[in-house]
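Chemist: Requesting a structural model of the entry that follows:
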Amino acid sequence: MTSDKSSGVPYTMTRLGVVMTPEPGNPHEAMGVLNPASGRAPDGRLYLLPRLVEGGNISRVGLAEVQLRDGVPVGVQRRGVVLAPDEGWERGANNAGVEDPRTTWVPSLGRHLMTYVAFGPLGPRLALAVSVDLEHWQRLGPVQFGYQPGLDTDLCMFPNKDAVFFPEVVPDPDGRPSYAMLHRPMWDLGWFREGETVHLPAGITDERPGIWISYVPADLAEADIRALARPENHRCVALSEHAYEALKIGAGPPPVRVDEGWLLIHHGVSGEKPVGFDPTTQKVEYAAGAMLLDAADPSRVVARTAEPILRPETVDERDGTVPNVVFPTAIEEIDGVRYVFYGMADAKIGVARLDRTP
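Modeler: Residues are numbered from 1 along each chain as shown. As a prediction, the model looks like this:
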């Protein structure tokens, strides 16, 4: 899947600094704070929901109020833990985790939608939770992708990550008003199931993980919020095209509606990935790129960046649990300016300003 749309994305990112580092003596943060979600509470205060990693690679989702100086995020005040790996499907024999949350405030539902990775017995699987206040979360359970004739595979079989909802209703491929979720299935089952291999769906010839979209009809979700965990009508949106995406790509923060369509900040991974799933053994670089998706058909890429708009350059981005990583996961507007929060080398959280170029 190639295109000539590697231009026409008039947005840049400018790093501003570190906003959260592990708290000394806090066992929940012994292996890092990273990859936060974000949102505003009913009183308007801005929060991050960082992934907190304990020794043994046990992850929780925390809550931290963003501190501003002259309108710019500069730090946080911790407010505790809001989600822990308490369910059986969030815990494996030698691992446990609720990882890499993404949250989207959806006004028409009156809720924050959290997608997260439940790292359980079958590896990383997508799960959903909802909240009205960012503090109290109702689990909707693991995502159950609807069977789709012609896809030639069952998406429920595969590990999946990097999921995020659009903040408003969009048309599905049949024109039906829907809530849409971007996600990233992984087709190689061999890394956690001995003797297995790559299982590509019909029409896909590139085994590298890419960005997909699935839909939930709006009337079903508005009648029963649990319908959000049963998306259908699956489509491939984008696969790797450029050098900084040579290994894989995945969605970042929730898409933002802009004049040109939907702006999606994504991550691209390049470098060398050895056999196995231990990220600390990978010799890779995670960089941030951007795409524009069609407002009338968000499964269609209108334009994308051929070069990263942010790549690891500072010490905090190059040295950490997993070196050479910038991993954007949240975006918020403060006084008319958009800020992107991102993981730094799987150890800290940074912030960058998102600007539209002339």
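Chemist: quick one: His266 from Arg69, how far?
Modeler: Computed as C-beta to C-beta, to the nearest Å, the His266 to Arg69 distance reads 29 Å. Yep, even glycine has a C-beta here, placed from its N, CA and C like the rest.
Chemist: Compare neighbour counts for the two and give me the winner.
Modeler: In this view His266 and Arg69 are compared by other C-beta atoms under 10 Å, and His266 has more residues nearby, 26 against 8.
Chemist: My guess is that one contacts Gly289. True?
Modeler: Yes. His266 lies in contact with Gly289 (C-beta atoms under 8 Å); the separation is 5.5 Å.
Chemist: Give me the nearest residue to Glu245, chain neighbours excluded.
Modeler: Gly268 (3.3 Å; C-beta to C-beta, 6 or more residues apart in numbering).
Chemist: Beta-bridge partners for the one you found, please?
Modeler: Residues found in beta-bridge contact with Gly268 (criterion: DSSP bridges) are Ile249, Ala287.
Chemist: cool, Arg139 as well?
Modeler: Once the bridges are assigned, which here means DSSP bridges, Arg139 pairs with Ala129.
Chemist: Do you know the pLDDT at it?
Modeler: With respect to pLDDT, Arg139 scores 98.
Chemist: likewise Pro274?
Modeler: Here the pLDDT value assigned to Pro274 is 64.
Chemist: ditto for Leu200
Modeler: At Leu200 the predicted local distance difference test score is 88.
Chemist: so what's it closest to, chain neighbours aside?
Modeler: Nearest non-adjacent residue to Leu200, counting by C-beta to C-beta, 6+ apart: Trp187, 5.5 Å away.
Chemist: can you give me the end-to-end distance of stretch 197-213?
Modeler: As for stretch 197-213, its first-to-last residue distance stands at 24 Å under the measure C-alpha to C-alpha, to the nearest Å.
Chemist: ugh, wrong one, I meant stretch 88-102
Modeler: Stretch 88-102 has an end-to-end distance of 21 Å (criterion: C-alpha to C-alpha).
Chemist: Would you indicate which residues of it are buried?
Modeler: Buried residues in stretch 88-102, defined by neighbour count with 16 or more other C-beta atoms under 10 Å: Trp89, Glu90, Arg91, Gly92, Asn95, Ala96, Gly97, Val98, Glu99, Asp100, Pro101, Arg102.
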